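In: Quick one, fold the following:
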Amino acid sequence: MKKVAIVGAGVMGSGIAYASVTAGYEVIVYDLNKEVLYNSQKQINTLFEKGLNRGKITEDEITLCKSRLKYTSEFTEIKADFILEAIVEKLDIKKELFKNLEAQNSPDCILATNTSSIPITQISRGLKFPNRVVGVHFFNPAHIMKLVEIIKGAATDNLIAEKAFNWANSLNKTAVYAQDSPGFIVNRVARHFYVESLKVLEENVTDFKTIDRLIESTGFKMGPFRLMDLIGVETNYSVTSSMYEQFGFDSKFRPSRIQKQKVDAGFHGRKSGRGFYSYEE
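Out: Numbering: from 1, shown residues only. The predicted structure follows:
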């Protein structure tokens, strides 16, 4: 694989694009929203600057990386050997996206999804080549976090999963195989890190800042509310809602009303300037 396309230029997509281009791949970054695309370019340039200041990348390497980067809002330009979507956690939208990508790409193109919780088998169902769909789940911030989950759907070809595994490792990541079940490994285990913390807040046991301080005092780098703000409150809520549905509305996965209110208000965390904490200047 030489050419990688990232569909969805948000925080996660931008981080994956940066990791890909610095690993030597030619990278297309696509987003329908031109403002999001512009912000992605700014974010990636900031990562280059930070890498330069820390001595992790040279000016010549940055110039070379930028020559391999292409930003576009034209869907027809998404043609690559490996395409990874990092869009909204909505099954119908992902299915439609892959249907359209499949139609304009080679049958050898690998279609990867960065879904946090939706089964790969559901996403690939109905495609002409469901065997070429694989889960490649990064963690935020994608350019720093080492772990990447590789998930095979019922129809995923073993060789496709292996290629995705090797690609993730080529980005200096640590790839692991996971079964195609709701939340896979990390989100299933970590979901209650958020859900239980929100329940404590709902029950007025204490405030969210105290919960964060207590969790961080045990060794966690970030408490649940700081982490939700970093990931995106709406993204975190969407994953919880998806898992709640997929586990038959088991009460232990019930989404929080407080979190839903934040989402409805547009308080999505750092990227919006306000979440549980305020980041407005």
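
In: residues touching the closest residue to Glu59 other than its chain neighbours, list them.
Out: Leaving aside its sequence neighbours, Glu59 sits nearest to Leu52 (Cβ to Cβ, 6 or more residues apart in numbering; 6.6 Å). C-beta coordinates here come from the backbone N, C-alpha and C atoms, glycine included. Contacts for Leu52 (Cβ atoms under 8 Å, 6 or more residues apart in numbering) come out as Thr58, Glu59, Ile62.

In: Then Ile110?
Out: Contacts of Ile110 (Cβ under 8 Å, 6+ apart): Met1, Asp81, Phe82, Ile83, Arg132, Val134, Ile160, Lys163, Ala164.

In: Return the set of residues that bridge with it.
Out: Phe82 (DSSP bridges).

In: The residue lying closest to Asp207 once chain neighbours are set aside: helix or strand, and which one exactly?
Out: Leaving aside its sequence neighbours, Asp207 sits nearest to Leu201 (Cβ to Cβ, 6+ apart; 7.3 Å). According to DSSP states H and E, Leu201 maps onto helix 186-202.

In: Buried residues, that helix. List them.
Out: Asn187, Arg188, Arg191, Tyr194, Val195, Ser197, Leu198, Val200, Leu201 (16 or more other Cβ atoms under 10 Å).

In: just checking, what packs against that helix?
Out: helix 208-217, helix 224-231, helix 233-246, helix 257-265 (3 or more Cβ pairs under 8 Å, 6 or more residues apart in numbering; DSSP states H and E).

In: how big is the angle separating it from helix 233-246?
Out: 110 degrees (axes from the mean of the first three to the mean of the last three Cα atoms, to 10 degrees).

In: for the record, mean pLDDT for helix 186-202?
Out: In this model, helix 186-202 has a mean pLDDT of 95.

In: Kindly report the same for stretch 100-115.
Out: On average, stretch 100-115 scores 96.

In: Could you give me the buried positions within that stretch?
Out: In stretch 100-115, counting by 16+ other Cβ under 10 Å, buried: Leu101, Glu102, Asn105, Cys109, Ile110, Leu111, Ala112, Thr113, Asn114, Thr115.

In: Strands along the chain, start to end?
Out: 3-7, 26-30, 69-72, 82-85, 110-113, 133-137, 147-152, 174-178 (DSSP state E).

In: Just put the ones you listed in CSV and tack on distance to Gln122.
Out: CSV is the format used below for these (distance: least, Cβ to Cβ, whole Å):
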stretch, distance to Gln122
strand 3-7, 18
strand 26-30, 23
strand 69-72, 28
strand 82-85, 14
strand 110-113, 10
strand 133-137, 10
strand 147-152, 12
strand 174-178, 15
